[in-house]
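Novice: need a structure here:
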Amino acid sequence: GNQLYSKNDLDDICVHLCPTGWINPHRSFLGLGNYDINVIIAALKTRNCEVVWFDKRKDPSSINLEEILGFILNIPSDSKIGNITLPWRRRHWITVRRVGFYYYNLDSKLQHPKKIGNAADVFIYLKEQLNKLDHRELFIVIKPNDDHEKTQKHI
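Specialist: Numbers count the residues shown, from 1 in each chain. The predicted model follows:
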């Protein structure tokens with residue numbers, strides 16, 4: 001698909017967030033990506049989008065989907081070298097977004113986007129993800145909007 005940000009774009013954001021120091025805390029020290037949420041938020045701000053952390057003690061069905069551009073989930077992911085699974089897990093970002101009438105899991109590790117379903121289905125999916133005991137986080141990406149009070153009504 002179309003790539004909105006290059007590795008260089010995201011690395012530049014890392015340097016802007018932490019201009020001093022040999023090791024940048026906002027990305028993998030190996031230079032393989034694995035950017036933290038601060039880089040994702042800064043990148044999305046360049047597209048005039050706002051990112052809001054969702055308190056997972058709330059029910060996702062409380063989210064007003066009208067102005068929501070999509071969701072970002074931080075989930076654990078197996079570490080592998082080839083077909084060998086390593087004994088530790090890393091964190092991985094996945095995106096959920098509506099395309100047409102349906103929501104899709106746009107995880108880069110999938111061969112193809114995976115259809116979740118309609119609004120009711122996405123609420124069930126998000127609730128299932130947040131109820132897992134492995135410290136998952138949910139962030140909401142909100143369409144560009146000048147009205148901050150209106151934005152707060154979405155969460």
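
Novice: which residue is nearest the centroid of the protein?
Specialist: residue 72 (2.4 Å; C-alpha atoms, centre = their mean).

Novice: State the distance from the closest residue to it other than its chain neighbours to residue 111.
Specialist: Nearest residue to residue 72 in three dimensions, chain neighbours excluded: residue 139, at 4.3 Å (C-beta to C-beta, 6 or more residues apart in numbering). All C-beta atoms are positioned from the backbone trio N, CA, C, and that covers glycine. Between residue 139 and residue 111 the computed distance is 25 Å (C-beta to C-beta, to the nearest Å).

Novice: Looking at these two, which is more packed in?
Specialist: residue 139 (19 against 5; other C-beta atoms under 10 Å).

Novice: Report all helices and strands that whichever helix or strand the more buried one is part of contacts.
Specialist: Using DSSP states H and E, residue 139 sits in strand 137-142. Packed against strand 137-142 by the contact rule (3 or more C-beta pairs under 8 Å, 6 or more residues apart in numbering; DSSP states H and E) you find helix 37-45, strand 50-54, strand 68-81, helix 119-131.

Novice: Can you check which of those gets nearest to residue 19?
Specialist: helix 37-45 (13.4 Å; C-beta to C-beta).

Novice: contact partners of the closest one?
Specialist: 4-5, 9-10, 13-14, 16-17, 26-27, 50-51, 72, 74, 93, 137, 139, 141 (C-beta atoms under 8 Å, 6 or more residues apart in numbering).

Novice: Show me which of the residues you listed are buried.
Specialist: Neighbour-count burial (16 or more other C-beta atoms under 10 Å) is assigned, among the contacts of helix 37-45, to 5, 10, 13-14, 17, 26-27, 50-51, 72, 74, 93, 137, 139, 141.
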